[in-house]
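K.L.:
Sequence and predicted structure below; questions after.
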Amino acid sequence: MKILLHDLSVIEFEALYPNTDMNTTVISDNGAIHNCIGCFGCWLKTPGVCVLKDNYNNMGELLSKCDELKIISRCIYGSYSPLIRNVLDRSISYLLPYFISKNAETHHAMRYKNKISLSVHFYGSDITENEKETAKRLVKANCINFCDKYNVNFHTRFQDLEGVVK
């Protein structure tokens, strides 16, 4: 299964992608996402499921069924937009609360065995070279815990994203 996580408006998304693959789950802003409160309930109270009751409380389970994750985000100071960051924060239940050593660094153990391929597409007309380098390091760091392989792309306008979803 593929997941497309984006921060485009409904009009922008439909203009770029009038038809999406039936095997693609599209996650966007439906106006109902709660902020992660850092309670770790998804690890301790309801393992694998966020305790906040909204349409995003099953992100860990959804990622467990995913083999390809595409993220489309406005680049803000070398990072994801607030919506994308929030959805990723709410996805922490994809991991276990236990730590392992990986590449001489401390990381979370995996809850699920699947391998995710991550493709991130940042857009914005004023992305600086420093912001690009920060974004690349961020995605690489996310990928250590999150996925098997990744790539990062930069686009000047959101209209340049046409064809990203296949």
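P.N.:
Done, it's in. All values reported here derive from a predicted model rather than from experimental measurement.

K.L.:
can you give me the helices for the protein?
P.N.:
Using DSSP state H, the helices of the chain run over residues 10-16, 41-44, 59-64, 82-89, 129-146.

K.L.:
contacting residues for the closest residue to residue 134 other than its chain neighbours?
P.N.:
Leaving aside its chain neighbours, residue 134 sits nearest to residue 78 (2.8 Å; criterion: CB to CB, 6 or more residues apart in numbering). Placement of C-beta: from N, CA and C, glycine included. The neighbourhood of residue 78, defined by CB atoms under 8 Å, 6 or more residues apart in numbering, consists of 130-135, 138.

K.L.:
dump the residue contacts of residue 54.
P.N.:
Contact analysis of residue 54 by CB under 8 Å, 6+ apart lists 32-34.

K.L.:
err, residue 25, not the other one
P.N.:
Contacts for residue 25 (CB under 8 Å, 6+ apart) come out as 1-4, 62, 66.

K.L.:
Restricted to strands, list those.
P.N.:
Those of the contacts of residue 25 mapping onto strands are 2-4, per DSSP state E.

K.L.:
Serialize the residues you listed to JSON lines and add fields for distance to residue 45 and neighbour count.
P.N.:
Shown next, in JSON lines, are the ones in strands among the contacts of residue 25 (distance: CB to CB, whole Å; neighbours: other CB atoms under 10 Å):
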{"residue": "2", "distance to residue 45": "30", "neighbour count": "18"}
{"residue": "3", "distance to residue 45": "25", "neighbour count": "19"}
{"residue": "4", "distance to residue 45": "30", "neighbour count": "21"}
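
K.L.:
if you compare the helices of the chain, which one is most tucked away?
P.N.:
Ranked by average neighbour count under the criterion mean count of other CB atoms under 10 Å, the helices of the chain are headed by helix 59-64 at a mean of 20.

K.L.:
Which single one of the contacts of residue 25 is nearest to residue 28?
P.N.:
Within these, the smallest distance to residue 28 is 8.4 Å, found for residue 4 (CB to CB).

K.L.:
ok so, going back, weed out the non-buried ones from the contacts of residue 54.
P.N.:
Buried members of these, counted by 16 or more other CB atoms under 10 Å: residue 33.

K.L.:
any chance of the contacts of residue 54 in TSV, with distance to residue 92 too?
P.N.:
Formatted as TSV, the contacts of residue 54 follow (distance: CB to CB, whole Å):
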residue	distance to residue 92
32	19
33	14
34	14
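
K.L.:
This completes my enquiry, with thanks.
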